[in-house]
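Undergrad: when you get a sec, could you give me coordinates for this:
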Amino acid sequence: MRPRLLGLAYRILGSLAEAEDAVQDTFLKWAGTDRDAIQNPTSWLTTACTRRCLDLLRSAHRTRVEYVGPWLPEPIHASLESEMETGLELAQSLTMAFLLVLERLTPKERAAYLLHDIFDTSYREIAATLDMQESACRKLVSRAKANIDGARVRHATSPDTQNQLLAAFQQAITSGVTEPLAVLLSDDIRLSTDGGGKVPALLDILKGKTAVISFLSERLHDYWAGFQWAVVDLNGARGIALSKEAATVAAVSFACDESGKATDIYIVRNPDKLALLGEVTIR
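TA: Model prediction:
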């Protein structure tokens, strides 16, 4: 049950640290409850965890508004070993692009959509969880689906395309050879760096192929010269973890369109968001 709750909490909050707090609070509440009076423990725990996440999300809103530079979700390891359709569906709901679209939704829209479309919860249970009418929950999910479908972030990029992108990205930075990467980037590519005001990072999203390639091949070539590179599974796709002296200093992931062109590059450098990377795997 804990993996399910952690997966739900992480998707709602976009933060593994906050998700673990929410799950811990849920089980503390469970420990003090008369369990003989609970007919469906799974439903009770899901409801309690969702409500705790919504409380945390409201308190986190101001912090994210005042955040220094672009805010990105906390990167996490996500196993891609499953060949089952359900496994792929779960992986696609962990990507940075998907989590950032969730940020555009209201807290209740986010919770209702995740419960219904990702965790297969009935509208009746969602209504009880959110203390709303079932018809209102259906509208929440419908609005959320329209936003998410419009953003076109829930599709799978082939492993070959992902591997080509990772290799070309590393080549552009380490050797300055940018032609292979340029072919794989969309013309309106965006690069977001999250330093949280704690380490050097861009304060604005960099846009356009020329600007992005120049930044990678010229500035990051010098900044990342002494880092060790490792290809890892990050947020439902292949990504890169960079380390120095055994400490992770950056996590890089990508979003691609349906043709396989990269539309976004996400670089997380905020040390608080890298602290748990590798310790927990979410499905």
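
Undergrad: quick one: least confident helix or strand in the chain?
TA: Every helix and strand in the chain was compared by mean pLDDT, DSSP states H and E; the lowest is helix 85-92, with a mean of 63.

Undergrad: could you point out the helix or strand that follows that one?
TA: For helix 85-92, the following helix or strand on the C-terminal side (DSSP states H and E) is helix 96-102.

Undergrad: other SSEs contacting that following helix?
TA: With contacts defined as 3 or more CB pairs under 8 Å, 6 or more residues apart in numbering; DSSP states H and E, helix 96-102 has these neighbours: helix 2-13, helix 134-151, strand 247-256, strand 262-268. C-beta here means a position set from N, CA and C on the backbone, and glycine is covered the same way.

Undergrad: for the last one, packing partners?
TA: Judged by 3+ CB pairs under 8 Å, 6+ apart, the packing partners of strand 262-268 are helix 96-102, strand 185-194, strand 247-256.

Undergrad: what's next to stretch 251-261, contact-wise?
TA: Contacts to stretch 251-261, defined as CB atoms under 8 Å, 6 or more residues apart in numbering, come from residues 75, 95-97, 152-153, 155, 157-158, 161-162, 165, 169, 184-186, 234-235, 237, 239-242, 262-268, 273-274, 277.

Undergrad: make it 6 Å
TA: Residues from elsewhere that reach stretch 251-261 (CB atoms under 6 Å, 6 or more residues apart in numbering): 75, 96-97, 155, 157, 161, 165, 186, 234-235, 239-241, 262-268.

Undergrad: now stretch 61-78
TA: With contacts defined as CB under 6 Å, 6+ apart, stretch 61-78 is touched by 14-16, 94, 96, 99, 192, 194-195, 197, 201, 203, 205, 233-236, 251, 266, 268, 273, 277, 281-282.

Undergrad: do that again at 7 Å, thanks
TA: 10, 14-17, 91, 94, 96, 99, 192-197, 201-203, 205, 232-236, 251, 253, 266, 268, 273, 277-278, 280-283 (CB atoms under 7 Å, 6 or more residues apart in numbering).

Undergrad: same question for it, mean pLDDT?
TA: In this model, stretch 61-78 has a mean pLDDT of 88.

Undergrad: go on, stretch 187-207?
TA: Across stretch 187-207, the average pLDDT comes to 97.

Undergrad: could you shift the numbering so residue one becomes 19, and keep it that way?
TA: Sure thing, new numbering starts at 19, so read that last one as stretch 205-225.
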